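1. Build me a model from this:
(one chain, ligands or ions: 2)
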Amino acid sequence: MALLAPAEFESAARARLPADVWDFIAGGSGAESTLAANLAQFGDYALRPRVLVDVAGCDPSLTLLGSELRAPIGVAPMAYHRLVDPEGEVATARATGRTGTLLIAGIFASRTLEEISAAAEGPLWLQLYWLRRRDVLAGLVERAEAAGYRALVLTVDAPRIGRRLRDLRNGFAVPADVRAVNLDPELMRASHHGDAGASGIETHAREQFDPSLTWADLAWLRERSRLPLVLKGILTAEDARLAVEHGADAVVVSNHGGRQLDGALPSLAALPEVVDAVPPEFPVLFDGGVRSGADVAVALALGARAVLVGRPVLWGLAVGGEDGAAQVLDQLSSELTHTMALLGRPRLRGLDRGALSERAGRYR
Ligand SMILES: Cc1cc2nc3c(=O)[nH]c(=O)nc-3n(C[C@H](O)[C@H](O)[C@H](O)COP(=O)(O)O)c2cc1C
Ligand SMILES: CC(C)CC(=O)C(=O)O
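-> Numbers count the residues shown, from 1 in each chain. Ligands and ions are numbered 1, 2, ... in the order given. A predicted model of the protein is given here:
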């Protein structure tokens, strides 16, 4: 049966993946309440269509921090795409190139930064975790600039890894043939050793991530690169203001797909306060629970400049490699155009809060 919408890829992907890999991808932290809330929160909004508007030429294209995109959609940074497809991030890069969307490669990419950029026709950004080894971080930044990456995305919601009960129960370890090839194997060793009650991912982060990082440290990264700096994992107006004060070029409103602080607010609920706290032209990106073009429209109407999509892209990759990932991205972007047409908002600028109706009950 043809898979006609991003959400339709989920069960097909699950059927193809080993159970522990599925759990690593699908899971959240703690009781997974934030994970569930991310999805449910979209149900608080209905779209308010306007009629008799000329929608003959709907245009979802934009330029984001100098990157030209055919749609305000990007692939959220995710570790180890080779967990689901042998080509890994190279396949994802071809898929984003084909669909005019953005790829944010993760620091734990399972293909080299150079392989990914050679495969990419469209813009690429690089996500970083702040490692204790700053020399390693500096080396990655230099390589990313040389390979044509156009922005750095520092993930700030992970001084330690959330308690992901599925991974702890499964003793999840990254399989030996899937490697974070951009980092020294010695630095990654712990990721490959799980045990009942201990996740390799968690042990590794405890060893290698620097939990003492503060706002003052951002200057160190700034000094090492002229690339725009994006902070990922902002959920409050207070931190949004600090991000602006410390010279960030954009923020991503995100709770890490419900994988970090369980009980944190759904990212869609945090979006308006962040948008209201920053200057009007400051780009606010959004991720968490985006599963359809209508979801993209809701996030944009609440003030996001673009959305990032996580799990659905891995579902597409698991089901059909490059083609599967491209289908998911293509469906999201054509659903968005379709939504803009039926909503009577042919331009992204026209997607504002007037396009939404909000109430405490559930619409969807
Ligand atoms: C398998 C997986 C791996 C991830 N790895 C990273 C990562 O390395 N760095 C990061 O900043 N976020 C990572 N994330 C979080 C995503 O960037 C994103 O915030 C989240 O998946 C968005 O929610 P969604 O999956 O509901 O779209 C990961 C998420 C998943 C599902
Ligand atoms: C390897 C992990 C630290 C990647 C991550 O951020 C995640 O799984 O959410």
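
2. Number of residues surrounding the residue in the stretch 201-350 of the chain that ligand 2 sits nearest to?
-> Distances between the stretch 201-350 of the chain and ligand 2 by C-beta to the nearest ligand atom are smallest at Arg259, namely 4.3 Å. Placement of C-beta: from N, CA and C, glycine included. By the criterion of other C-beta atoms under 10 Å, Arg259 has 23 neighbours.

3. How about the contacts made by it?
-> Gly27, Gly28, Ser29, Leu35, Gly162, Arg164 (C-beta atoms under 8 Å, 6 or more residues apart in numbering).

4. and the gap between it and ligand 1?
-> From Arg259 across to ligand 1, the span is 6 Å (C-beta to the nearest ligand atom, to the nearest Å).

5. Return the backbone torsion pair for Ile234.
-> For Ile234, the backbone dihedrals (degrees, to the nearest 10) come out as phi -100, psi 130.

6. Now it: closest residue in space, sequence neighbours ignored.
-> Val251 (4.4 Å; C-beta to C-beta, 6 or more residues apart in numbering).

7. Would you check that the one you found makes contact with Val275?
-> No: using C-beta atoms under 8 Å, Val251 is not in contact with Val275, being 9.9 Å away.

8. Have a look at those two and say which one is more surrounded.
-> Taking other C-beta under 10 Å, Val251 and Val275 do not tie; Val251 has more neighbours (28 against 21).

9. Look up which residues are beta-bridged to the more buried one.
-> As for beta bridges, Val251 partners with Leu231, Val284 under DSSP bridges.

10. That one and Glu281, how far apart?
-> Computed as C-beta to C-beta, to the nearest Å, the Val251 to Glu281 distance reads 13 Å.

11. Closest residue of this structure to ligand 1?
-> Counting by C-beta to the nearest ligand atom, the chain gets nearest ligand 1 through Gly310, at 2.3 Å.

12. need the contact list for that residue.
-> Val75, Ala76, Met78, Gly257, Asp287.

13. Among these, which lie within strands?
-> Per DSSP state E, strands hold the following members of those: Val75, Asp287.

14. Helices of the stretch 251-364 of the chain, residue ranges please.
-> In the stretch 251-364 of the chain, the helices defined using DSSP state H, counting those that start in this stretch lie at 267-277, 293-301, 311-343.

15. make that the stretch 1-150 of the chain, sorry
-> Going by DSSP H, counting those that start in this stretch, the stretch 1-150 of the chain shows helices at 9-16, 19-26, 33-40, 89-99, 113-119, 134-146.

16. what about the fourth one, near ligand 1?
-> Spelled out, that is helix 89-99. No: between helix 89-99 and ligand 1, judged by C-beta under 6 Å from any ligand atom, nothing touches; the nearest distance is 11.5 Å.

17. So which elements touch that helix?
-> strand 73-75, strand 102-105, helix 113-119, helix 311-343 (3 or more C-beta pairs under 8 Å, 6 or more residues apart in numbering; DSSP states H and E).

18. Minimum distance to Asp54: which of the ones you listed has it?
-> With C-beta to C-beta as the measure, helix 311-343 is the member of these nearest Asp54 (10.2 Å).

19. since we're on the closest residue to Glu32 other than its chain neighbours, how many residues are nearby?
-> Nearest non-adjacent residue to Glu32, counting by C-beta to C-beta, 6+ apart: Gly258, 6.4 Å away. Look at Gly258: counted by other C-beta under 10 Å, it has 28 neighbours.

20. Contact residues of the stretch 101-250 of the chain facing ligand 2?
-> Phe108, Ile161, Ile201, Ala205.

21. got the residues of the stretch 251-364 of the chain near ligand 1?
-> So the stretch 251-364 of the chain meets ligand 1 at Ser254, His256, Gly257, Asp287, Gly288, Gly289, Val290, Val309, Gly310, Arg311 (C-beta under 6 Å from any ligand atom).

22. partner strands of the one helix or strand in the chain whose mean pLDDT sits lowest, parallel or antiparallel?
-> Lowest on mean pLDDT, DSSP states H and E among the helices and strands of the chain sits strand 356-358, with a mean of 94. Using DSSP bridges, the strands paired with strand 356-358 are strand 45-47 (antiparallel).

23. could you give the mean pLDDT of the partner strand?
-> For strand 45-47, the mean pLDDT works out to 96.

24. Identify each buried residue in it, please.
-> Buried residues in strand 45-47, defined by neighbour count with 16 or more other C-beta atoms under 10 Å: Tyr45, Ala46, Leu47.

25. Provide the contact partners of that strand at residue level.
-> 294, 297-298, 301, 339, 343, 355-359, 363-364.

26. now do 6 Å
-> Val298, Leu343, Leu356, Ser357, Glu358, Tyr363 (C-beta atoms under 6 Å, 6 or more residues apart in numbering).

27. With adjacent residues omitted, what lies nearest to Arg111?
-> Nearest to Arg111 is Glu89, by C-beta to C-beta, 6+ apart, at 4.4 Å.

28. pLDDT score assigned to Leu329?
-> 98.

29. Not counting sequence-adjacent ones, nearest residue to it?
-> Leu329 sits nearest to Thr99 (C-beta to C-beta, 6+ apart), 4.2 Å away.

30. and the residue lying closest to Gly197 once chain neighbours are set aside, how far is that from Ala198?
-> In this structure, Gly197 finds its nearest non-sequential neighbour in Leu168, 5.8 Å apart by C-beta to C-beta, 6+ apart. Distance check for Leu168 against Ala198: by C-beta to C-beta, it reads 7 Å.

31. before we move on, back to that, next, format the buried residues of strand 45-47 as JSON lines and append distance to Ala13.
-> Output for these, formatted as JSON lines (distance: C-beta to C-beta, whole Å):
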{"residue": "Tyr45", "distance to Ala13": "27"}
{"residue": "Ala46", "distance to Ala13": "29"}
{"residue": "Leu47", "distance to Ala13": "28"}
